[in-house]
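Engineer: Sequence first, predicted model second:
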Amino acid sequence: MFRTRTGEEIFVIDAHIAWWDGSKENQLNRHGEEFISCFYDYHRNLSPEDRIWPRDKFYKYDRETLLRDIFGKGYVDIAIFQPVALSEFFRDGFGNIEKNATLIRDYPGRFIGNGYFDPRHGERGLETLEYLAETYHLQGVKLYTAEWYGNSKGYKLSDDWSYRYLEKCEQLGIRNIHVHKGPTITPLNRDAFDVADVDDVASAFPNLNFIVEHVGLPRLEDFCWIATQEKNVYAGLAVVMPFIHSRPRYFAQILSELLYWLDEDRILFGSDYAIWEPDWLIEKFMDFEFPPDIAEETGVELTLPIKKKILGENAARLYGIDIETSKAELAHDALAAQISSWNLAQA
């Protein structure tokens, strides 16, 4: 939990984290190395110098590292796993739902574990999705429309089979559809992350929430035009957040456009851990103000109530989290005791 200088508590939900394995042992081919190496380039180029990890640690980190970074020093109260399989590149998957479930089991109330699907898996994949939903009580899925499968290098949300899977999500009560629509990652194809198909499915499935991760960058304008019409489309700030350090004016331009076209109720904080750690993102965000000329042009402001919505309240609404109840439950859980011991050791 983040506390302001006046002592006000801000409940933080990191809506985009991962526990990946990009190690050499897990890489299935050269594309696995290309993918995790591209992640590392984003990490190295957009992070403060003192927050750059050694490459080996970045490729594979343990649960203790994750817990300390997210909850120990990261101000986060609840974190949402957004796994992606990339089974054409990694032997046991880049993200692993079963592995995530061990942390969810050991630290109840601290994590939400989303799943994933690939509509190109056909009927077999629909059965798998049903199994995952029942086994892990899925509230959301993370989709990678540029993921490779056999000879296919991507799919669209508007494809016939995608419709079948979204219909299945409705039936299973999976309401939150997180879609990577942002910067490409080597060797995936940039155009397979185009945001245009979001417009189609948002209209067709009004009972689902489409959280567009990375707000469509570099297609921000396209995303904003879609989201202003489709009220079930949300902006995920993962990848946007680190520009608050490396390109603060660019960050201001992005966030002001989002607040202008959408509203403060449809923007979600995400660190994209472990590409970036949440603590410095949150600290800089809490101190951030729009440059006067941008504020004047867009007519938007970044008040404390708006920051509170972005950092946690909006995600809480999507995932049915009662913040006051969670505060009381998490204040005395097993992880709270660990956090206290970490803080004592650090002092």
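Structural biologist: The structure has been received and is ready for your questions.

Engineer: pLDDT of stretch 296-306, averaged?
Structural biologist: Averaging pLDDT along stretch 296-306 yields 95.

Engineer: In it, which residues are buried?
Structural biologist: Across stretch 296-306, burial judged by 16 or more other C-beta atoms under 10 Å covers 298, 300, 302, 306. For the C-beta atoms, the positions are set from N, CA and C on the backbone; glycine is no exception.

Engineer: helix or strand for the second one, which one?
Structural biologist: Using DSSP states H and E, residue 300 is not contained in any helix or strand.

Engineer: Look up the closest residue to it, ignoring the ones flanking it.
Structural biologist: In space, residue 300 comes closest to residue 259 once its chain neighbours are excluded; the distance is 4.1 Å by C-beta to C-beta, 6 or more residues apart in numbering.

Engineer: who's in contact with the host helix or strand of the one you found?
Structural biologist: Assigned by DSSP H and E, residue 259 falls within helix 248-261. Helix 248-261 is contacted by residues 215, 217, 220-221, 224-225, 227-228, 235, 237, 240-241, 243-244, 267, 288, 290-291, 294-295, 297-300, 302, 306 when judged by C-beta atoms under 8 Å, 6 or more residues apart in numbering.

Engineer: Mind naming the longest helix for this structure?
Structural biologist: Taking DSSP state H as the criterion, the chain has its longest helix at helix 30-46.

Engineer: Could you identify the helix or strand that succeeds it?
Structural biologist: Downstream of helix 30-46, the next assigned helix or strand under DSSP H and E is helix 55-59.

Engineer: residues of that next one that come out buried?
Structural biologist: Here helix 55-59 shows 58-59 as buried, counting by 16+ other C-beta under 10 Å.

Engineer: do the same with stretch 129-142
Structural biologist: 129, 132-133, 136, 138-142.

Engineer: JSON lines please, covering the residues you listed and showing distance to residue 19.
Structural biologist: Converted to JSON lines, the buried residues of stretch 129-142 look like this (distance: C-beta to C-beta, whole Å):
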{"residue": "129", "distance to residue 19": "21"}
{"residue": "132", "distance to residue 19": "17"}
{"residue": "133", "distance to residue 19": "20"}
{"residue": "136", "distance to residue 19": "14"}
{"residue": "138", "distance to residue 19": "17"}
{"residue": "139", "distance to residue 19": "18"}
{"residue": "140", "distance to residue 19": "16"}
{"residue": "141", "distance to residue 19": "17"}
{"residue": "142", "distance to residue 19": "13"}
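
Engineer: Thank you, goodbye.
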